[in-house]
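Q: Below are the sequence and a predicted model; questions follow.
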Amino acid sequence: MAKIKCTYKVEEWKEETAKELSKTSKVVSVRAHGPVSGEIVGQVNMFYLLAYVTEKDGKYSGYTQVSGRYGSREGTFLVEEHGVFDAQTVRSSMIVVPGSGTGGFKGVSGRGEFVTSHGNAVECRLELEFVESVEQA
């Protein structure tokens, strides 16, 4: 299993209220994207649902598509995320969606996590397992 560190910065974050539940709680959908660097170099596209229980606290679930290169491997894979957030911090656990890999990431599996502060680059740690051969799409 490869232990990988990468960093991504959210360049655009579009949040749209799906349902207001009370004065302070609501459900919102988010689309975001940005570059990823480190051991994986490329782009991330994020799709989330956030449940605010107060104005600044809540939980979220969603998917991040990672498109890029890791060593001689190039392709995409999808990560399912579940996390919590408050006024200062975001915590997330991730799992690679089985069967989502393309190109050099075909057959990839694994998991990851991150803890970050709002507005800062996200430094995530991934543990990925690859099929033996490197196939390009």
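A: Yep, that arrived.

Q: Show the contacting residues for residue 67.
A: By CB atoms under 8 Å, 6 or more residues apart in numbering, the residues touching residue 67 are 42-45, 75-76. All C-beta spots, glycine's among them, are computed from the backbone N, C-alpha and C.

Q: try 7 Å this time
A: 42-43, 76 (CB atoms under 7 Å, 6 or more residues apart in numbering).

Q: Dihedrals phi and psi, the residue in the chain sticking out farthest from the centre?
A: Ranked by distance from the centre of the chain (CA atoms, centre = their mean), the top residue is residue 23, with 29.0 Å. Dihedral angles of residue 23 (phi, psi; degrees, to the nearest 10) stand at phi -60, psi -30.

Q: before we move on, the earlier item: weed out the non-buried ones from the contacts of residue 67.
A: Buried members of the contacts of residue 67, scored by 16 or more other CB atoms under 10 Å, are 42, 76.

Q: wait, which of the contacts of residue 67 is closest to residue 119?
A: Within those, the smallest distance to residue 119 is 19.7 Å, found for residue 43 (CB to CB).

Q: so what strands line up beside the helix or strand of the chain with the lowest mean pLDDT?
A: None of the helices or strands of the chain scores lower by mean pLDDT, DSSP states H and E than strand 12-20, at a mean of 92. Strand pairing for strand 12-20, using DSSP bridges, gives strand 26-38 (antiparallel).

Q: List the buried residues in the strand it pairs with.
A: Neighbour-count burial for strand 26-38, counted by 16+ other CB under 10 Å, picks out 26, 28, 30, 32-34, 36.

Q: For the helix or strand following that strand, what does the pLDDT average out to?
A: Beyond strand 26-38 on the C-terminal side, the first helix or strand identified by DSSP states H and E is strand 41-52. For strand 41-52, mean pLDDT is 97.

Q: Phi and psi next, for residue 109.
A: phi -140, psi 160.

Q: Identify the bridge partners of it.
A: For residue 109, the beta-bridge partners are residue 129 (DSSP bridges).

Q: do residue 41 as well
A: residue 69.
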